[in-house]
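Peer 1: Would you be able to build a 3D model of this:
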Amino acid sequence: MKLFALSDLHVGYAENRWAIERMTPRPEDWLILAGDLGETEQHLLYVLDTLGPRFKQLLWVPGNHELYRMPSERGAPRGRDRYERLIEICRSRGVITPEDPYVVWEGEGGPHVLAPMFLLYDYSFRPDGVPESGAVAWAMESGVLCTDEELLDPSPYASRPAWCRARVAETEARLAAITSSAAGAHPTILINHFPLREELVRLRHIPRFSIWCGTRRTHDWHTRFRARVVVSGHLHIPRTDWIDGVRFEEVSFGYPRQRPIDRTADSCLREILPGPADAAPLGTT
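Peer 2: Just a heads-up that it's a prediction; the model follows:
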């Protein structure tokens, strides 16, 4: 029994739906879905109903796109209400979410505590001289503006950074509680749509998009909370990094234009556990 991960399926694109429908069944394995499956409830249901029968267990964390209220969805829930509606959908399909108790992975490479998280971002991935209140204007100076500013409603919170701070505080307390529980001796697998560390955000063409990519409040979580692997998506730049001996996996599938035409969803699946050797490559930090 292995643990795999994939994110940013963006099934609003027909090419991505075609790829997902052709994924190989792995009935003994678990799959992490690390956000941005699509923009609507129908997209989420499509992914869960397509991949659920092919894996023993699915885990899901939201990306920013799942939280959008599209112009065509008049009257649909928004903000925290929308998130809670997505949780209901996942639970109706037996999918593990950030609102469920953390489970202990007992498959290959285990035991590990699996910690799906929903943290958002707070514009703190910006130069020190730029205040939070000026972060969006700073990004716009380079011609960059995230669609979140129009479609991701933070209500009832005053702003997306405020929602982020609330989520970080709640999640931090839950992770800290692990150390005093029976599972405290186990390493963790931290799962979030957004990267936990700023240096992982390498966006050569749109560097100021970084403000919509995470929060500095999580920079030490990989060591504080005994992570063996940290899983994220969002950047559409799949890669493996090692920091402090911890493996960081960016697991995006991404938009069709970002992949070679022959790149399959199967080939993009990232094995989280048991994964490669646990020791970091020589020369890394």
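
Peer 1: how deep is Glu21 tucked in, by neighbour count?
Peer 2: 12 (other Cβ atoms under 10 Å). Just so you know, the C-beta spots here come from the backbone N, C-alpha and C atoms, and that holds for glycine as well.

Peer 1: Contacts only, for it.
Peer 2: Thr50 (Cβ atoms under 8 Å, 6 or more residues apart in numbering).

Peer 1: May I have the predicted confidence score for it?
Peer 2: Listed pLDDT for Glu21 reads 97.

Peer 1: How about Ala183?
Peer 2: 59.

Peer 1: secondary structure class for Glu73?
Peer 2: coil (DSSP: H, G, I helix; E, B strand; the rest coil).

Peer 1: let's have the chain start at 39 instead
Peer 2: All set: I'll call the first residue 39, so the last point we hit is now Glu111.

Peer 1: That one - nearest residue in space that isn't next to it in sequence?
Peer 2: Thr78 (7.0 Å; Cβ to Cβ, 6 or more residues apart in numbering).

Peer 1: Can you name the helix or strand that Asn54 falls in?
Peer 2: Counting by DSSP states H and E, the element that carries Asn54 is helix 52-59.

Peer 1: Check the offset of that helix from the chain's centre.
Peer 2: Centroid separation between helix 52-59 and its chain, computed with Cα atoms, centre = their mean, to the nearest Å, is 20 Å.

Peer 1: Which is the succeeding secondary structure element to that helix?
Peer 2: strand 64-71.

Peer 1: Enumerate the strands of the stretch 139-288 of the chain by residue range, in sequence order.
Peer 2: Assigned by DSSP state E, counting those that start in this stretch, the strands in the stretch 139-288 of the chain fall at 141-143, 150-154, 226-229, 265-270, 277-281, 284-288.

Peer 1: Including mean neighbour count, mean pLDDT and distance to Asp300, could those strands go into CSV?
Peer 2: Shown next, in CSV, are the strands of the stretch 139-288 of the chain (neighbours: other Cβ atoms under 10 Å; pLDDT from 0 to 100; distance: least, Cβ to Cβ, whole Å):
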stretch, mean neighbour count, mean pLDDT, distance to Asp300
strand 141-143, 17, 96, 32
strand 150-154, 24, 97, 31
strand 226-229, 26, 98, 29
strand 265-270, 26, 97, 25
strand 277-281, 16, 97, 20
strand 284-288, 23, 98, 21
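
Peer 1: list the buried ones in the biggest helix by length in the chain?
Peer 2: In the chain, assigned by DSSP state H, the helix with the most residues is helix 198-216. Neighbour-count burial for helix 198-216, counted by 16 or more other Cβ atoms under 10 Å, picks out 198-199, 201-203, 205-206, 209-210, 213, 216.

Peer 1: helices or strands up against it?
Peer 2: Contacts defined by 3 or more Cβ pairs under 8 Å, 6 or more residues apart in numbering; DSSP states H and E place helix 198-216 against strand 150-154, helix 259-262.

Peer 1: Kindly reformat these as TSV containing distance to Glu59.
Peer 2: TSV is the format used below for those (distance: least, Cβ to Cβ, whole Å):
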stretch	distance to Glu59
strand 150-154	25
helix 259-262	35
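
Peer 1: These: which one's closest to Glu188?
Peer 2: strand 150-154 (27.0 Å; Cβ to Cβ).

Peer 1: neighbouring contacts of the closest one?
Peer 2: 41, 70, 97-99, 134-136, 138, 140-143, 212-213, 216, 221, 224-230, 263, 266, 311.

Peer 1: Which strands border that strand, and is each parallel or antiparallel?
Peer 2: Next to strand 150-154 in the sheet, as set by DSSP bridges, lie strand 141-143 (antiparallel), strand 226-229 (parallel).

Peer 1: What I need now is the strands of the stretch 139-288 of the chain written out in TSV, including distance to Tyr121 for each item.
Peer 2: Output for these, formatted as TSV (distance: least, Cβ to Cβ, whole Å):
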stretch	distance to Tyr121
strand 141-143	20
strand 150-154	13
strand 226-229	16
strand 265-270	18
strand 277-281	28
strand 284-288	23
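
Peer 1: Verify the stated contact: Val49 with Gln80.
Peer 2: No. Taking Cβ atoms under 8 Å as the definition, Val49 is not a contact partner of Gln80, at 9.3 Å.

Peer 1: With neighbour numbers in mind, choose between the two.
Peer 2: Between Val49 and Gln80, counting by other Cβ under 10 Å, Val49 is the more crowded of the two (24 against 11).

Peer 1: Thanks again, I'm all set now.
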